[in-house]
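Fold the following for me, if possible:
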Amino acid sequence: MTGPTLYPLRLTVPVKHHVFGGHAIAHRLGKRGIPDWSVAETWECSDVDGNNGQVTNGPLAGRSLRQLVNEHPKELMGAGWSGEFFPVLTKFIDGAGTLPVHLHADDEAARRLEGQPNGKTEAWHILDAAPGATALCGVEDGITAGQLRAALESQDFDAVLRRLPVRAGETIYVPGGTLHSFGPDTVIYEIEQTSDIQQHAMRRHMEDGSPVADDEFSANLDMLMQEAQLNSRPDFVPGLALPCGEAVGRVFLCAGPYFALERWRVGTSGPLLRAFATAQILTNLGSPITVRSGRRSEELGRAQTLLLPAVCGEVEIRGPADVLFGYLPDLDRDVVGPLADAGYPSHLIETLGPV
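Just a heads-up that it's a prediction; the model follows:
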């Protein structure tokens, strides 16, 4: 289908008001245009059913991300890609309170048990955390399925789950099937497969804090236990830095078959220049910046996001800047090759995820 050439796209941002949210996305990160009351999540780039982003700028304003996937798949995602929806979801999450202990099915369980095309592997990049902050992630070694079920029924999570220290700047790749939670007083950027499937192990609903009835709670645990991966025990990592010019820093934060995430910082002595062959979700963590890509310029405020279609091919950002790039990678071309060329051995590259 012919139509307007794709360009850097601004999308609507669904907002979620779960009980664990607060005001950090606006007050700490500086995001504007969101409600003044408690906000748990902003979905920066979403093609989840019922929460599809809509273009708000340029001649494609009003089109949904799903429409662009269907009408311009090569221009949006790059040569050789096919799919029915945009494959990567990104969010800011404010864990002002503690998130519910939960998991998301992996691909196999999602298809077998949930009737969904894929599961939800995710990664968290820690933006802010109070001293002493921790996260639950994965089941302790040696815990049996029976012990896990009993502890979840009694809500004794520390008896069976790993509690990890949380530090700003670190990242953890969380495979589908991994039980997890974080907070309080923790703010993250999350990148994940496009999905909203989840199974909770809590006695209260995360949406409004209302009690979960006994029969619903038991059914939730039944499904959760079928989807849980007891051997998944991921850890936080600092990422791998890649030199790329004077006053420009590039760090690979995580990478796997479903997504990769990089953080770039640049000073004032030179621009950030990045070429790409697949769509890039560009999120600004610092002061307002000017983004030049695809013969267009866009001003990007704090905690705001642009979707850069593959057809744009490159982006230039003048410093100072602190930005994230999330994308669906060709792992050899986009991750393993550059890091190996920089001298990183395979065992270090593998700390980023299943590369």
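
just the strands in the stretch 51-200 of the chain please.
If DSSP state E, counting those that start in this stretch is used as the criterion, the strands of the stretch 51-200 of the chain fall at 51-52, 88-95, 102-103, 122-129, 134-139, 161-165, 171-174, 180-182, 186-193, 199-200.

ok, residues contacting the fourth one?
When contacts are defined by CB atoms under 8 Å, 6 or more residues apart in numbering, strand 122-129 is touched by residues 24, 28-29, 92-93, 104, 135, 166-174, 182, 185-193, 236, 253-254, 259, 261, 263, 285, 324, 353. Where you see a C-beta, it was placed from the backbone N, CA and C, and this is true even at glycine.

ok now that strand, how far from the chain's centre?
Here the centre of strand 122-129 is set off from its chain's centre by 9 Å, with CA atoms, centre = their mean, to the nearest Å.

before we move on, what about the first one?
In terms of CA atoms, centre = their mean, the centre of strand 51-52 is found 15 Å from the chain centre.

any idea how far Ser232 is from Ile172?
The gap separating Ser232 from Ile172 is 11 Å, by CB to CB, to the nearest Å.

try Pro165
11 Å.

Turn the buried ones among the contacts of strand 122-129 into a named ChimeraX selection, would you?
Buried members of those, defined by 16 or more other CB atoms under 10 Å, are picked up in ChimeraX with:
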select :24,29,92,93,104,135,166,170,171,172,173,174,182,185,186,187,188,189,190,191,192,193,236,253,254,259,261,263,285,324,353
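
sorry, back to before: between Pro165 and Ile172, which contacts overlap?
Residues touching both Pro165 and Ile172 by CB under 8 Å, 6+ apart: Phe236.

Among the strands of the stretch 51-200 of the chain, which comes closest to Val291?
With CB to CB as the criterion, Val291 lies closest to strand 88-95 of the strands of the stretch 51-200 of the chain, at 16.3 Å.

helix or strand right after whichever helix in the chain runs longest?
When the chain is parsed with DSSP state H, its longest helix is helix 214-227. For helix 214-227, the following helix or strand on the C-terminal side (DSSP states H and E) is strand 240-243.

For that next one, which outside residues touch it?
Outside strand 240-243, the residues that touch it by CB under 8 Å, 6+ apart are 249-252, 338-339, 342, 344, 348-349, 351-352.

who are the neighbours of the following helix or strand past it, in terms of helices and strands?
Proceeding N to C from strand 240-243, the next assigned helix or strand is strand 248-255, under DSSP H and E. On a contact count with 3 or more CB pairs under 8 Å, 6 or more residues apart in numbering; DSSP states H and E, strand 248-255 meets strand 122-129, strand 171-174, strand 240-243, strand 260-266.
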